[in-house]
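# Below: sequence and its predicted model.
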Amino acid sequence: MSAGIMTPGIKAPGTYIEEVMTKVKSKNPAEPEFHQAVQEVFESLRLVLERHPEYISEKILERIVEPERVMMFRVPWFDDQGNVQVNRGFRIEMNSAIGPYKGGLRFHPSVNLGILKFLAFEQVFKNSLTTLPMGGGKGGSDFDPKGKSDNEVMRFCQSFMTELQRHIGPDTDVPAGDIGVGGREIGYLFGQYKRIRNEFTGVLTGKGLNWGGSLIRPEATGYGCVYFAAEMLKTKKDSLEGKVCLVSGSGNVSQYTIEKLLDLGAKPVTVSDSNGVIYDPDGIDREKLAWIMELKNIKRGRVREYADRFKKALFMPTDMKLDHNPLWALKGDCAFPSATQNEINAKDAANLIANGCKLVSEGANMPSTLDATKLFLEAKVLYGPAKAANAGGVATSGLEMSQNSARLSWTREEVDDRLHKIMIAIHKNCYETAETYGTPGNLVNGANIGGFLKVANAMLDQGLV
Ligand code: NDP
């Protein structure tokens, strides 16, 4: 590691962190999710800065919280009635110290600059942990694909890509899917990119198998999250066999989390969407999972319909007046939050712990509030933070990029094997880093520090850019 351009006057780590955090809040007002993500990483970095004053003198924290570039743009499109609709599009290019920007696109009405900045910030450390050369980025729109026809989704995607295409490329910035962006949306986005640029390249990941996609990419986030859980349990000489598992969401990550849990002999008992929670005491078996996949991916229906089809299941509608989510008040050995940010608050964490939950592996990004995370760590729950536990998705996107560059495709077994090995390596890195920095078992510190060091050192090596 090079020393970089040293500046005089090194502050104490605690003071430095507080000063930078204050600046982050004042320079980025009304972005609570971004503040939360930065705060969590900074708390872990106190330990690092004590050993590495060069990160303070080189102002690495000020630099790492500032996106390299932010694009915000108008996305006009016609709905099926011929009315003009206007949405807002974004791409945050957060950090390219270790590779091209890489991170998903989210289409959801809640999308705003602060949410995408939190996701892009998390992505920087997550991508670093994967062991692959990928920088961090994130993007999306406040467009809501729910209730839209395929033609409306296509027209929106084409308009969105008409602007986005000037900023991305296979060696610059490679977007993928996230909430509201699955195979259908990636197809329309890729089609428009190819049409405008007249080039067939790996500019997006999550592509269809016939046109450059990778086997296992759709499954990767969920499978990876379960592989990570299995690694955590191994440290206690335990396994997922027979474990009752609470899974939230019913989209891409949830579906393949449930599939891999079934492969490993566990018993998933819940799914949810924004309208409510399904609890199936008999367990969601393969037949029921296939039914959910058809409901969500083809019919684009709501989970409440599960209780009409499978009579023993209970549907609990979302009640915004509740101070907790009833899903996390159910009895389970392991929890796999796979819907969205901050879906587990302190009350939910307390409910899980009181009901004997021994493991939380985060499929969604930042699903636990800072208070909930603290409770899990204090209670010595095996806690796999999102940037480690759900990194299998982007890792397999990295494998898709490699296959595209080499113009070949690997078998299902080969990709799954690489994914599995990457998840084992990520867990090992987090586990050992937590020990090295004097907080054994704290994978939050392990992930934040492990992810940070590689990026920070690359930034030092590359000078003040
Ligand atoms: P999908 O759009 O496929 O599914 C999202 C699921 O979460 C849906 O069931 C959705 O319900 C529910 N959900 C979304 N927002 C809310 C909300 N505000 N309140 C309650 N439920 C909500 O997305 P993914 O499965 O791809 O993503 C889920 C999470 O995993 C996100 O946090 C994402 O960032 C993260 N992730 C995804 C990766 C991937 O490869 N896809 C990679 C790494 C992380 P409804 O249909 O009602 O909106």
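Right, received. Where do you want to start?

# C-alpha from now on. contacts and neighbour counts both.
Noted.

# other SSEs contacting the helix or strand hosting Leu261?
Under the criterion of DSSP states H and E, Leu261 resides in helix 252-263. For helix 252-263, the contact count by 3 or more CA pairs under 8 Å, 6 or more residues apart in numbering; DSSP states H and E identifies helix 217-234, strand 244-247, strand 267-268, helix 286-293 as packing neighbours.

# Give me the mean pLDDT for the longest one.
Mean pLDDT, helix 217-234: 98.

# now do the last one
Per-residue pLDDT values over helix 286-293 give a mean of 98.

# Same check on the shortest one?
Along strand 267-268, the predicted confidence averages to a pLDDT of 98.

# helices or strands up against the longest helix seen in the chain?
Assignment by DSSP state H gives helix 412-436 as the longest helix of the chain. Under the contact criterion of 3+ CA pairs under 8 Å, 6+ apart, helix 412-436 touches helix 217-234, helix 386-389, helix 392-406, helix 443-461.

# do you know which of those helices lies nearest Ile426?
Closest of the helices and strands packed on helix 412-436 to Ile426 is helix 386-389, at 6.5 Å (criterion: CA to CA).

# Ramachandran coordinates for the single nearest residue of the stretch 101-250 of the chain relative to the ligand?
For the stretch 101-250 of the chain, the residue positioned closest to the ligand under CA to the nearest ligand atom is Ile179, at a distance of 3.4 Å. Per-residue torsions, Ile179: phi -50, psi 130 (degrees, to the nearest 10).

# Name the nearest residue to it, ignoring sequence neighbours.
Beyond its immediate neighbours in the sequence, the residue positioned closest to Ile179 (CA to CA, 6 or more residues apart in numbering) is Arg106, lying 5.0 Å away.

# dump the residue contacts of the one you found.
Arg106 is in contact with Gly139, Gly140, Ser141, Gly177, Asp178, Ile179, Gly180, Val181, counting by CA atoms under 8 Å, 6 or more residues apart in numbering.

# got any ranges where the stretch 1-150 of the chain has weak pLDDT?
Regions of the stretch 1-150 of the chain meeting the criterion pLDDT under 70 cover residues 1-9.

# ok, so what distance separates the closest residue to Val277 other than its chain neighbours from the ligand?
Counting by CA to CA, 6+ apart, the nearest residue to Val277 once its immediate chain neighbours are dropped is Met316, at 5.1 Å. When CA to the nearest ligand atom, to the nearest Å is the yardstick, Met316 and the ligand sit 13 Å from each other.

# buried ones in whichever helix or strand Met316 is part of?
Element membership for Met316, per DSSP H and E: strand 314-317. Taking 16 or more other CA atoms under 10 Å as the neighbour-count basis, strand 314-317 is seen to contain the buried residues Leu314, Phe315, Met316, Pro317.

# The ligand: which of those is nearest?
Within the buried residues of strand 314-317, distances to the ligand taken as CA to the nearest ligand atom reach their minimum at Pro317, with 11.2 Å.

# quick one: secondary structure of Thr373?
Secondary structure state of Thr373, per DSSP: H, G, I helix; E, B strand; the rest coil, is helix.

# and of the helices and strands packed on helix 412-436, who's closest to Lys331?
Minimum separation from Lys331 across these (CA to CA) falls at helix 217-234, 18.0 Å.

# Columns mean neighbour count on top of the helices and strands packed on helix 252-263, output as JSON lines?
Output for those, formatted as JSON lines (neighbours: other CA atoms under 10 Å):
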{"stretch": "helix 217-234", "mean neighbour count": "26"}
{"stretch": "strand 244-247", "mean neighbour count": "26"}
{"stretch": "strand 267-268", "mean neighbour count": "26"}
{"stretch": "helix 286-293", "mean neighbour count": "15"}
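
# Could you dump those into CSV with distance to the ligand added?
What follows is the helices and strands packed on helix 252-263, written out as CSV (distance: least, CA to the nearest ligand atom, whole Å):
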stretch, distance to the ligand
helix 217-234, 5
strand 244-247, 10
strand 267-268, 15
helix 286-293, 10
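
# For the stretch 101-250 of the chain, which residues are neighbours of the ligand?
When proximity is defined by CA under 6 Å from any ligand atom, the stretch 101-250 of the chain lies next to the ligand at Gly177, Asp178, Ile179, Gly180, Thr221, Gly249, Ser250.

# Okay, the second one and Lys23: tell me how far apart.
In this case it means Asp178. Note on Asp178: its distance to Lys23, by CA to CA, to the nearest Å, is 30 Å.

# And the two? Which one has more around it.
Asp178 (22 against 13; other CA atoms under 10 Å).

# what residues are up against that one?
Taking CA under 8 Å, 6+ apart, we find Asp178 in contact with Gly104, Leu105, Arg106, Phe107.

# How about Asp80?
When contacts are counted by CA under 8 Å, 6+ apart, Asp80 is found next to Ser149, Asn151, Glu152.

# Can you lay out the residues you listed as a markdown table showing neighbour count and secondary structure?
What follows is the contacts of Asp80, written out as a markdown table (neighbours: other CA atoms under 10 Å; DSSP: H, G, I helix; E, B strand; the rest coil):
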| residue | neighbour count | secondary structure |
| --- | --- | --- |
| Ser149 | 12 | coil |
| Asn151 | 12 | helix |
| Glu152 | 17 | helix |
